[in-house]
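Engineer: what's the 3D shape of this:
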Amino acid sequence: MTFKQQVSKTVLLVGCGYWGQKILNTLQQFSDWRVIVYDQAESKLSLDDFLLQNPDFSHVIVATPERTHYQLAKKFLLLNKNVLVEKPLCLFEEEAQELTALAKDKKLFLLVDYIFLYDQFSFKIKEVLQTGALGKIKEIKLFRFSPGFTKPDLLVSDDLMVHDLYLLRYFFADLDSNLLDLKVLTGPDQQELTLQFKLKNNLSVQSFYSWLEPKAGRKLTFLGEKATLIWTKDVLTEQLILSQAQQEKEIFIDKNTNNPLFKLLEKFLNQQDIKQFEASYNDYLDDVRNLSLVRDAFYASN
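Structural biologist: As a prediction, this is how the structure comes out:
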């Protein structure tokens, strides 16, 4: 292999904190890719100086705090690099519009790590919903906890809610992107947030997000007329439960092969069809817009 061929399969990881370390560990499984890492907290160089010394890479992964996503993604798109950004793409709609337009104009890959779109549990939930086994869905309840991730300049929803936004769109194909009848049900603490809203078909959703719970985890509950479907995960277990006629049954999935982060990175590094990336750009815009709506509603109510 020539040197030129080798650097064409080089990926730069910017940020090596909690999620960046998980990305780095997973990147090691792609033996045909060279990985270089820049972490501001660990490096004696500025990012610009680092890039002067390491100019030869085609893909970059941005795993840094949310408020840095826009500037970093823009910087690398202008350098003609394909970009994967930790969720959310950015915090403001006009920034998201600029980034997606720039990626389109330069015909570069722009991907946000909507990781649960690559998760076997998500596939199974959609399959169950499509069978009609639950009957008409009456309500959805969403809970997400990430203790120890307090970010003073953000709402907890900026960190956690985007997962539910894209999953609801994935589960319900006719979902209107706008959150209807949005209400903030909790007080002024930015670290915990309870929301209530409706989807296009008048389906009621209640969600709770917290950085203050003692353990990380999530619980998604779909309450139907015939049955209830519950997806739970904590640090030790992950389960998909179908509850019907006061009986609960776990829906088994081969969890040993459930590696959504690997599948996400595989798409980013090896996908050659630019249309596969552009198809998601409107979704990114919608989700950034909805995060802004929640932020506005929170500050208006407090």
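Engineer: switch to C-alpha atoms for all contacts and neighbour counts from now on
Structural biologist: Noted.
Engineer: Just give me the neighbour total for the closest residue to N302 other than its chain neighbours.
Structural biologist: Excluding the flanking residues, the one nearest N302 by C-alpha to C-alpha, 6 or more residues apart in numbering is P188, at 5.6 Å. Look at P188: counted by other C-alpha atoms under 10 Å, it has 13 neighbours.
Engineer: Make 40 the starting number, not 1.
Structural biologist: All right, first residue 40 from here; so that's P227.
Engineer: My reading is that K113 is in a strand; is that accurate?
Structural biologist: No: using DSSP: H, G, I helix; E, B strand; the rest coil, the secondary structure at K113 is helix, not a strand.
Engineer: so it makes contact with L138?
Structural biologist: Yes: if you go by C-alpha atoms under 8 Å, K113 and L138 touch, sitting 6.2 Å apart.
Engineer: which of the two has more neighbours?
Structural biologist: L138 (24 against 20).
Engineer: OK, contacts around the more buried one?
Structural biologist: With contacts defined as C-alpha atoms under 8 Å, 6 or more residues apart in numbering, L138 is in contact with Y109, A112, K113.
Engineer: Any chance of JSON lines for these, columns distance to V74 and pLDDT?
Structural biologist: JSON lines is the format used below for these (distance: C-alpha to C-alpha, whole Å; pLDDT from 0 to 100):
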{"residue": "Y109", "distance to V74": "23", "pLDDT": "98"}
{"residue": "A112", "distance to V74": "18", "pLDDT": "98"}
{"residue": "K113", "distance to V74": "21", "pLDDT": "98"}
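Engineer: Adding distance to L90, write those residues out as CSV.
Structural biologist: Formatted as CSV, those follow (distance: C-alpha to C-alpha, whole Å):
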residue, distance to L90
Y109, 18
A112, 14
K113, 15
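Engineer: wait, which of those is closest to G187?
Structural biologist: Y109 (24.2 Å; C-alpha to C-alpha).
Engineer: burial of that closest one, as a residue count?
Structural biologist: By the measure other C-alpha under 10 Å, the count of residues near Y109 is 20.
Engineer: for I280, same thing?
Structural biologist: When neighbours are counted by other C-alpha under 10 Å, I280 registers 18.
Engineer: Tell me which residue is most central in the chain.
Structural biologist: Y153 (3.4 Å; C-alpha atoms, centre = their mean).
Engineer: For that residue, list the residues it contacts.
Structural biologist: By C-alpha under 8 Å, 6+ apart, Y153 lies in contact with K126, H202, Y205.
Engineer: run the last query once more with 7 Å
Structural biologist: By C-alpha atoms under 7 Å, 6 or more residues apart in numbering, Y153 lies in contact with K126, H202.
Engineer: The one 4 residues further on now?
Structural biologist: Neighbour list for Y157: P299, K302, L303 [criterion: C-alpha under 7 Å, 6+ apart].
Engineer: Including neighbour count and distance to F184, could those go into CSV?
Structural biologist: Compiled in CSV, these are given as follows (neighbours: other C-alpha atoms under 10 Å; distance: C-alpha to C-alpha, whole Å):
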residue, neighbour count, distance to F184
P299, 17, 19
K302, 16, 24
L303, 20, 23
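Engineer: Dump the residues you listed into a markdown table; add secondary structure, distance to P186 and pLDDT as well.
Structural biologist: Conversion of the contacts of Y157 to a markdown table gives the following (DSSP: H, G, I helix; E, B strand; the rest coil; distance: C-alpha to C-alpha, whole Å; pLDDT from 0 to 100):
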| residue | secondary structure | distance to P186 | pLDDT |
| --- | --- | --- | --- |
| P299 | helix | 22 | 95 |
| K302 | helix | 26 | 96 |
| L303 | helix | 25 | 97 |
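Engineer: Now these in JSON lines, please, with extra columns for distance to D87.
Structural biologist: Listed next are those as JSON lines, based on distance: C-alpha to C-alpha, whole Å:
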{"residue": "P299", "distance to D87": "32"}
{"residue": "K302", "distance to D87": "30"}
{"residue": "L303", "distance to D87": "28"}
